[in-house]
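> quick one: sequence and predicted model below, then my questions.
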There are 2 protein chains.
Amino acid sequence: MKEQVLFIILEQYADWEYAFLSCALQGSIQDKTSPYEVKTVSLSKNPIKSIGGFTTIPDYAVEDIPSNYAGIILIGGMSWRTEGAKEVASVVKKAYADGKIVGAICDATVFLGMNQLLNEKKHTSNIHEDLISAAQGNYTGQSNYLNEQAVRDNNLITANGTGYLEFTREVLTALNAYPADYIEDNYQYFKIGFIEFMKNRNR
Amino acid sequence: MKEQVLFIILEQYADWEYAFLSCALQGSIQDKTSPYEVKTVSLSKNPIKSIGGFTTIPDYAVEDIPSNYAGIILIGGMSWRTEGAKEVASVVKKAYADGKIVGAICDATVFLGMNQLLNEKKHTSNIHEDLISAAQGNYTGQSNYLNEQAVRDNNLITANGTGYLEFTREVLTALNAYPADYIEDNYQYFKIGFIEFMKNRNR
């Protein structure tokens, strides 16, 4: 049976930030099928709308998620600083404490900062000053901040909102979802595009 | 009132192929709000599942779409060669004949070829040989084929599945959705990433 990776999506979540990772985890790369399956989680099972205007029915409400999942991925969007988002905090803290894979991209990284989850490990965010300002005293991880598209430190992966491909690569690596060369090929394929990718391959 | 752009999505549609375009059309770029809104269309209003495992409720069934929309965008995926997809053909042919913007990415380009819509204008697809083989006698556009990430010829925009950003740029341009420099900035921002983008800007 496939292990589950949970994608937490809130109202006005960012479509491009989940797409490459969920497709790699739910589908296949080249001839290899993923050992994982993707489940979406929100505050309830009521439909929510993405930034791109797509209406999504979550698979789980946050209070109904199973305990035996492999990783939890927080997809960026416009709702991570709302009261509602606080309902997600205990689940994410428990996943982190249990050593499960925890990924966050874009404003979801600020949510981690507000919940004291960026203080022990190397990490990044969209804009460091904004993270410091939003998380206030809950954030003491200044010396662990790296100005990179995505950062992986053991079970914690963070990225800025344009680091969707680097985020995908680092989460797939942390989950050991595919052989390393497949993960790198998948990254290059989407980064440089099919035409350049095939030129490089045929060189 | 905003003009509608219709995104046609079928079972197992490709999440990454719609994301950047729908977010730019439904949202904003920098300080400018889009003059368009995105509506999703499928064979019925029943929920469908993306390749990435997201469950989507379409806004319209194909027989219920309004007549006064600005463009129709066919998102790639695993169902464009099925019997069901044929229900979409008349709507797409009418949009093309009416001079509306018609966009297709990845295997949706093959659907255009199978419906004789790639014969008059410059276009691309994933793999030319596969397009020729799948569309057989309905495709006579060999001399109009270009091996590029995305191709725009007046109201027709086509792209391979890794040309999601070039496709976004060309459809936004065809729809005149934003000033040209905003569209190019949006492309570069997502192509090279925030960190490189800001370095270039500060040079």
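Yep, it's here. Numbers count the residues shown, from 1 in each chain, chains lettered A, B, ... in the order given.
> and for residue A:57, the neighbour number?
16 (other CB atoms under 10 Å in any protein chain shown). To be clear about C-beta, it is placed using only N, CA and C from the backbone, and glycine gets the same treatment.
> wait, it touches residue B:53, no?
No: the criterion here is CB atoms under 8 Å, and residue A:57 misses it with residue B:53 at 11.8 Å.
> what about the helices in chain A?
A:15-26, A:89-97, A:107-114, A:128-135, A:164-174, A:180-192, A:194-202 (DSSP state H).
> chain B: which of the ones you listed is closest?
helix A:15-26 (3.2 Å; CB to the nearest CB).
> ok, back up a step: in CSV, list the helices of chain A along with mean pLDDT.
Output for the helices of chain A, formatted as CSV (pLDDT from 0 to 100):
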stretch, mean pLDDT
helix A:15-26, 98
helix A:89-97, 98
helix A:107-114, 98
helix A:128-135, 98
helix A:164-174, 98
helix A:180-192, 98
helix A:194-202, 93
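> need those in CSV (columns: distance to residue A:142 and mean neighbour count).
Below are the helices of chain A laid out as CSV (distance: least, CB to CB, whole Å; neighbours: other CB atoms under 10 Å in any protein chain shown):
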stretch, distance to residue A:142, mean neighbour count
helix A:15-26, 25, 28
helix A:89-97, 19, 16
helix A:107-114, 11, 26
helix A:128-135, 7, 16
helix A:164-174, 22, 25
helix A:180-192, 29, 17
helix A:194-202, 38, 13
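> to residue B:24, which of those lies closest?
Closest to residue B:24 of the helices of chain A is helix A:15-26 (CB to CB; 9.9 Å).
> what's the offset of stretch A:82-99 from the middle of its chain?
14 Å (CA atoms, centre = their mean, to the nearest Å).
> now swap in stretch A:43-61 and tell me
With CA atoms, centre = their mean, you get 17 Å for stretch A:43-61.
> can you check stretch A:119-136 too?
The answer for stretch A:119-136 is 16 Å, by CA atoms, centre = their mean.
> what does that stretch contact?
A:81, A:106-107, A:109-110, A:112-114, A:118, A:139-142, A:144-151, A:153-154, A:156, A:158-161, A:163, B:194 (CB atoms under 8 Å, 6 or more residues apart in numbering or on different chains).
> show me what contacts residue A:54?
A:15, B:18, B:22, B:38, B:40, B:54, B:56.
> and which of the residues you listed is nearest residue A:168?
Nearest to residue A:168 among the contacts of residue A:54, with distances taken as CB to CB, is residue A:15, at 14.1 Å.
> how near is the closest one to residue A:1?
Using CB to CB, to the nearest Å, residue A:15 is found at 29 Å from residue A:1.
> export only the CA atoms of stretch A:5-14, formatted as CSV.
Taking C-alpha atoms only, stretch A:5-14 is exported to CSV below (Å, rounded to 0.1, in the frame of the first residue of the first chain):
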residue,chain,number,x,y,z
VAL,A,5,1.8,12.6,1.6
LEU,A,6,-0.6,15.2,2.9
PHE,A,7,-0.8,18.6,1.1
ILE,A,8,-2.4,21.3,3.2
ILE,A,9,-4.3,23.8,1.1
LEU,A,10,-6.3,26.8,2.4
GLU,A,11,-8.6,29.2,0.7
GLN,A,12,-6.7,30.9,-2.2
TYR,A,13,-3.9,28.5,-2.3
ALA,A,14,-1.2,28.9,-5.0
